[in-house]
Structures are given as structure tokens and as C-alpha cells.
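*Asks:* When you get a sec, could you give me coordinates for this:
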Amino acid sequence: MTRVDFYVLPETEDIGPVLTACRLCERAAGERLRIYAYVPNPALADDIDAALWTFKQGSFVSHERVEAKGEDMALASVLIGAGDPPSSHHDVLLNLGDEVPAFFSRFQRVLEIVHGDAETRARSRARFKFYRDRGYDLASHKLGARA
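*Replies:* Residues are numbered from 1 along each chain as shown. This next block holds a predicted model:
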């Protein structure tokens, strides 16, 4: 059964999901897992795509936008997309959407980042409730300012 982890960023800090997403992708890729970053917001997808190149000096996380559809796409550790994931990437789902994607249960793990204002956090709580009500294994991790 899919395990779901919520990474809760501090309310008092102005930390967005991009750096946290990069760090989570780096960690999972370091474990040789394939990650599908579900990012329905095109501007956020652009930010994550750019940040994966530069978020940490000396580090590179191989990634590709699903829209590119290159033949080497399956070789990338991280795929960023807004639709159904390709069959090559079902280890980790990084959900950066407001809703639980219909395909989430295909993955071994789902990562959710909790950040932002009260409305954004309320949507995260609704996703938590969705998973909990269906009996999924849940964990919450409160992150400090360094996410």
C-alpha cells in the first residue's frame, strides 16, 4: 500500500515549496528511486525545473519535463508533469497540486509539501484527511527554516 509523507514547512518563514521539492527529489534520487513531480501549475513547474539545475552547488538531479517526450526521458530520475505519469516512474509521487491526483495509488510513496497561507494549508489538511479516511499509512515531518 502507498505510504504518504507530509512535509510541513514553518508558518512563520517565507519558505516556498520549490527548495523543499528539490531537496526531496535529491534525496529520493540518491536512493535510486524514480520520482514523478506532479505540478499542474505551469509557473511552479518552470521554477522547479530551473531550481533542480541550481538549488545546491555541486549537485545535479537528472530531470526532464514530461512534455518534452524525448526518448531519454525514462533515464531521468525526476520527471515533471501535469498529467498521468509515464509507466517508468512509479516509485515516488511528489504532489504539488491542490488535489490528490487520481493516479496516486500507483506509487510506493507520495510526498506532500505543506506551506503557505491558511487557505493553502487547509487544502493540505483536506488531502491528509482524504488519505487517512482511506486507510493509507501517513507520516508528518515538521521542517525547520532550512527545510
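*Asks:* can you pull the contacts of K142?
*Replies:* K142 sits next to V8, P10 when contact means C-beta atoms under 8 Å, 6 or more residues apart in numbering. C-betas here are computed from N, CA, C, even on glycine.
*Asks:* pLDDT value on it, please?
*Replies:* What the model reports as pLDDT for K142 is 92.
*Asks:* what does L138 give?
*Replies:* 98.
*Asks:* same thing with P10?
*Replies:* pLDDT recorded at P10 is 88.
*Asks:* One more: G16?
*Replies:* G16 is assigned 76 on the pLDDT scale.
*Asks:* how many other residues sit next to it?
*Replies:* If you count neighbours by other C-beta atoms under 10 Å, G16 ends up with 15.
*Asks:* Pretty sure it sits against D117.
*Replies:* No: counting by C-beta atoms under 8 Å, G16 stays clear of D117, with 11.5 Å between them.
*Asks:* in the protein, what spans have low per-residue confidence?
*Replies:* Low-confidence segments of the chain, defined by pLDDT under 70, are located at 12-15, 68-73, 145-147.
*Asks:* ok, 90 please
*Replies:* The model of the chain has pLDDT under 90 over residues 10-16, 54-60, 67-75, 87-88, 116-118, 143-147.
*Asks:* Can you classify G58 as helix, strand or coil?
*Replies:* coil (DSSP: H, G, I helix; E, B strand; the rest coil).
*Asks:* What separation is there between it and E26?
*Replies:* 11 Å (C-beta to C-beta, to the nearest Å).
*Asks:* What is the burial count for G135?
*Replies:* Residues lying near G135 (other C-beta under 10 Å) number 8.
*Asks:* you'd agree it is in a strand?
*Replies:* No: secondary structure of G135 (three-state DSSP): coil, not part of a strand.
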